[in-house]
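Undergrad: sequence unknown, structure follows:
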Ligand SMILES: CCCCC/C=C/C(=O)SCCNC(=O)CCNC(=O)[C@H](O)C(C)(C)COP(=O)(O)OP(=O)(O)OC[C@H]1O[C@@H](n2cnc3c(N)ncnc32)[C@H](O)[C@@H]1OP(=O)(O)O
């Protein structure tokens, strides 16, 4: 600080005031850390320049922040991602200069809106805001994981699941109850990881269940909003690869797998788990619903092959094409569910049974499962590949886009 500078404390922050003689005017320059734009305030004899020269982020800070974003352990959510995107574009390209995307191109439209909303914000300010946002994000996500050490993550190593192993039973519990156990990308990966681990651990059987009042609400529809640089085509392609791998894990799972559902199940988790489970136990409160057509989508999880075989082609059509919801009793009558238990005694009865099963010789059970399923394995992988390829096209359709927009706009997520 030179001899013409004074430091003033204004309660919440420190200002540096520099005094300059300027053609008979007294010019005072004030550095105000949280001021994002240059402001000039005129007084009769002085001009105050509020600026943040000292705080301006360098190109290096900006690059560091971009790298930091890639290392964030937690998804900051779509709203923040849009903010980051818009600030990045503004900082690197200046004001939005792209034509407005069409109404059905939701993702690009949301991105365009966010960028356009920044108007003529100067590049430097956008760069600074980007750096500030990343810095606040890193510390808030770090501190939230310190405050709540993700009880589950800490004890199980998973973010979206609770996995326990006891009495010869590995239990994989979907654990996003506030989102009705919708499967986000992380959950897909974690389920695959948990299944692979369970196939090698010393448990005899594996149970798949859900925490909260939904077994699962199927694919997390916000998955559709996270668009990679290659656009919606790349997104659809990645989705098809992910789904194929996910369903493939169920097809290849070597041990007895039991789906235990006390509550409604929606969408595609029921399909792989119903199609390849040794047993499906449901409470009389559970329902089964595959609203593929409602979402402009098509069957997956090999349901186009397994459901007509298990139920009947006509009943499968009602469920897979018309999205008819089945009660547990109806699903049981049609062979999709092994047994239905009263809701009040569900846990007790099911776990008593599972514990008894887990005491059976594990190798015998595995070999028996193998002999039942192996004849179908190749066919199931082929069906899975075909379903994923059809879905890849569906995800690009207006029908699918509209359905997703309807769901997301219902809760103003767009
Ligand atoms: C990459 C592979 C893709 C493979 C293809 C897969 C196909 C499918 O899975 S098809 C099935 C897709 N799922 C759905 O269509 C279900 C959508 N959800 C609902 O209809 C409802 O949420 C409900 C019936 C499951 C529950 O209704 P309600 O009791 O009224 O609870 P809320 O709607 O308030 O939900 C609470 C909370 O959870 C969020 N949420 C629920 N389901 C999903 C979902 N599938 N995707 C994303 N988010 C979901 C919902 O938005 C609420 O969130 P907040 O508003 O933040 O509280």
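TA: That came through, no problem. Predicted, not measured: the structure shown is a model, and the values here were computed from it.
Undergrad: Skip the chain neighbours and tell me the closest residue to whichever residue of the stretch 101-250 of the chain sits closest to the ligand.
TA: With C-beta to the nearest ligand atom, the shortest gap between the stretch 101-250 of the chain and the ligand falls at residue 218, namely 2.6 Å. C-beta coordinates here come from the backbone N, C-alpha and C atoms, glycine included. Distance criterion C-beta to C-beta, 6 or more residues apart in numbering; nearest residue to residue 218, sequence neighbours excluded, is residue 267 at 1.7 Å.
Undergrad: Might you enumerate the residues of the stretch 201-350 of the chain proximal to the ligand?
TA: 214, 217-222, 239, 242-243, 266-268, 291, 295, 297, 300 (C-beta under 6 Å from any ligand atom).
Undergrad: quick one, phi psi at the residue most central in space within the chain?
TA: By C-alpha atoms, centre = their mean, the chain has its centre lying nearest to residue 184, at 3.1 Å. Torsion angles at residue 184 (phi, psi; degrees, to the nearest 10) stand at phi -80, psi 170.
Undergrad: residue contacts, it?
TA: Contacts for residue 184 (C-beta atoms under 8 Å, 6 or more residues apart in numbering) come out as 75, 160, 176, 220, 222, 223.
Undergrad: circling back: how many other residues sit next to the residue of the stretch 101-250 of the chain closest to the ligand?
TA: The tally of other residues near residue 218 (other C-beta atoms under 10 Å) stands at 24.
Undergrad: likewise residue 106?
TA: Residues near residue 106, counting by other C-beta under 10 Å: 21.
Undergrad: Nearest residue to it in space, please, no chain neighbours.
TA: Nearest to residue 106 is residue 405, by C-beta to C-beta, 6+ apart, at 5.7 Å.
Undergrad: Please give the element, helix or strand, for the one you found.
TA: Using DSSP states H and E, residue 405 maps to helix 398-410.
Undergrad: In this structure residue 338 contacts residue 332, no?
TA: Yes. Applying C-beta atoms under 8 Å, one finds residue 338 in contact with residue 332, separated by 7.4 Å.
Undergrad: Those two - which one has more neighbours?
TA: residue 332 (19 against 16).
Undergrad: wait, doesn't that one sit right on residue 326?
TA: No. Taking contacts as C-beta under 8 Å, residue 332 lies outside contact range of residue 326: 9.1 Å.
Undergrad: Out of the contacts of residue 184, which end up buried?
TA: Buried members of these, scored by 16 or more other C-beta atoms under 10 Å, are 160, 176, 220, 222, 223.
Undergrad: State the pair within the residues you listed that is farthest apart.
TA: 160 and 222 (13.7 Å; C-beta to C-beta).
Undergrad: Can you read off the backbone torsions of residue 173?
TA: The phi/psi pair for residue 173 (degrees, to the nearest 10) is phi -110, psi 120.
Undergrad: did I read that right, residue 280 in a strand?
TA: Yes. Residue 280: assigned to a strand according to DSSP: H, G, I helix; E, B strand; the rest coil.
Undergrad: show me where the stretch 301-414 of the chain has helices.
TA: Secondary structure of the stretch 301-414 of the chain (DSSP state H, counting those that start in this stretch): helices located at 303-310, 313-320, 328-333, 346-357, 362-394, 398-410.
Undergrad: Kindly state the domain boundaries assigned to the chain.
TA: The chain breaks down by the TED database into domains covering 60-138, 161-365+387-412.
Undergrad: Quickly compare these and say which is most buried.
TA: Ranked by mean neighbour count, the domains of the chain are led by domain 161-365+387-412 with a mean of 19 (mean count of other C-beta atoms under 10 Å).
Undergrad: what about the nearest residue to residue 182 once chain neighbours are set aside, distance to residue 78?
TA: Counting by C-beta to C-beta, 6+ apart, the nearest residue to residue 182 once its immediate chain neighbours are dropped is residue 220, at 3.8 Å. From residue 220 across to residue 78, the span is 11 Å (C-beta to C-beta, to the nearest Å).
Undergrad: Which neighbours do those two have in common?
TA: In contact with both residue 220 and residue 78: no residue, using C-beta under 8 Å, 6+ apart.
Undergrad: Tell me the predicted confidence for the residue of the stretch 101-250 of the chain closest to the ligand.
TA: As summarised for this prediction, residue 218 has a pLDDT of 94.
Undergrad: do the one 3 residues further on as well
TA: pLDDT for residue 221: 93.
Undergrad: Repeat that for residue 144.
TA: 38.
Undergrad: next one: residue 103
TA: The predicted local confidence for residue 103 is 66.
Undergrad: Comparing the domains of the chain by mean pLDDT, which bottoms out?
TA: Looking at the domains of the chain, the lowest mean pLDDT belongs to domain 60-138 (a mean of 86).
Undergrad: Residue 201 is in contact with residue 170, isn't it?
TA: Yes. With contact defined as C-beta under 8 Å, residue 201 reaches residue 170; the gap is 5.9 Å.
Undergrad: And the helices in this structure?
TA: Under the criterion DSSP state H, the chain carries helices at the ranges 59-71, 78-93, 106-116, 123-147, 151-156, 185-200, 231-252, 270-276, 303-310, 313-320, 328-333, 346-357, 362-394, 398-410.
Undergrad: helices or strands up against the longest one?
TA: On a contact count with 3 or more C-beta pairs under 8 Å, 6 or more residues apart in numbering; DSSP states H and E, helix 362-394 meets helix 231-252, helix 270-276, helix 303-310.
Undergrad: If we use 10 Å, what do you get?
TA: Secondary-structure packing of helix 362-394 (3 or more C-beta pairs under 10 Å, 6 or more residues apart in numbering; DSSP states H and E): strand 205-210, helix 231-252, helix 270-276, helix 303-310, helix 398-410.
Undergrad: swap in the last one?
TA: Using 3+ C-beta pairs under 10 Å, 6+ apart as the contact criterion, the neighbours of helix 398-410 among helices and strands are helix 106-116, helix 362-394.
Undergrad: rerun at 8 Å
TA: helix 106-116.
Undergrad: now for the helix it packs on, which elements pack on it?
TA: helix 78-93, helix 231-252, helix 398-410.
Undergrad: Spell out whether the first one and the ligand are in contact.
TA: This means helix 78-93. No. With C-beta under 6 Å from any ligand atom as the criterion, the ligand is not reached by helix 78-93; the gap is at least 11.0 Å.
Undergrad: Understood, closing this out.
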